[in-house]
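**Q** I need the structure of the sequence given here:
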Amino acid sequence: MAELTHLDSQGHAHMVDVANKQDTKRLATAAGRILLSPSTVRLLRDGAVPKGDVLGVARVAGIMAAKRTSELIPLCHPLPISSVNVDLEIVEDGVNIKAEAAVTGKTGVEMEALTAVSVAALTVYDMVKAVDRGAVMTDIRLVSKSGGVRGDYHAASDPGPVSSAEKIREQTT
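**A** Numbering: from 1, shown residues only. Just a heads-up that it's a prediction; the model follows:
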């Protein structure tokens with residue numbers, strides 16, 4: 001079993017000391033989705049959501065959130081992020097979201113990529129809630145990471161929609 005690095009010898013949470021780690025280039029990609037009603041998807045495609053440019057605002061919100069991850073997640077280190085990209089794609093049942101974050105540093109940017117996806121999804125929800133309160137944020141996950149002592153990670157495959165999320169969505173539409 002892997003060691004939980006955020007726990008000390010007494011089992012108390014603490015911030016990991018990374019002072020002796022080498023700076024390396026680190027990349028992380030995260031993904032997620034927000035399931036929407038067919039009428040909301042049409043509004044998005046037509047650019048007719050009452051609050052305005054949903055995807056543009058969500059993209060900026062995701063980028064801003066990645067830069068502030070250490071303020072949101074208690075044991076994350078503040079990082080000098082070199083880049084964050086957030087892509088949103090309208091699909092048949094909602095919006096797919098992908099975020100990529102990069103840094104040259106002593107610790108990885110997985111949490112920053114995951115935070116970008118999460119906040120982008122929350123922003124889409126905020127902007128469409130007037131027309132679709134049943135929107136479901138789902139499948140937020142780490143897709144890949146590179147750099148650091150533990151090496152590279154690549155998710156086995158895209159899990160697709162989570163069956164429980166699909167059931168929730170069916171109940172709300």
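**Q** doesn't Ala121 fall inside a helix?
**A** Yes. Counting by DSSP: H, G, I helix; E, B strand; the rest coil, Ala121 is located in a helix.
**Q** Spatially nearest residue to it, not counting backbone neighbours?
**A** Distance criterion Cβ to Cβ, 6 or more residues apart in numbering; nearest residue to Ala121, sequence neighbours excluded, is Met137 at 4.3 Å. For every residue, glycine as well, the C-beta is placed using N, CA and C.
**Q** shouldn't that neighbour be in contact with Thr123?
**A** No. Applying Cβ atoms under 8 Å, one finds Met137 not in contact with Thr123, separated by 10.5 Å.
**Q** of those two, who's got more company?
**A** Between Met137 and Thr123, Thr123 has the larger neighbour count (other Cβ atoms under 10 Å), namely 23 against 20.
**Q** Which strand or helix spans the closest residue to Glu110 other than its chain neighbours?
**A** Distances taken as Cβ to Cβ, 6+ apart put Ala28 closest to Glu110, at 4.4 Å, once the chain neighbours are dropped. Applying DSSP states H and E as the criterion places Ala28 in strand 24-35.
**Q** Near Ser39, how many other residues are there?
**A** Neighbour tally, Ser39, other Cβ under 10 Å: 11.
**Q** List the contacts of it.
**A** Residues in contact with Ser39 (Cβ atoms under 8 Å, 6 or more residues apart in numbering) are 131-132.
**Q** that's a helix at it, yeah?
**A** Yes. Assessed with three-state DSSP, Ser39 lies in a helix.
**Q** Return the distance of it relative to Ala48.
**A** 10 Å (Cβ to Cβ, to the nearest Å).
**Q** No further queries at this time; thank you.
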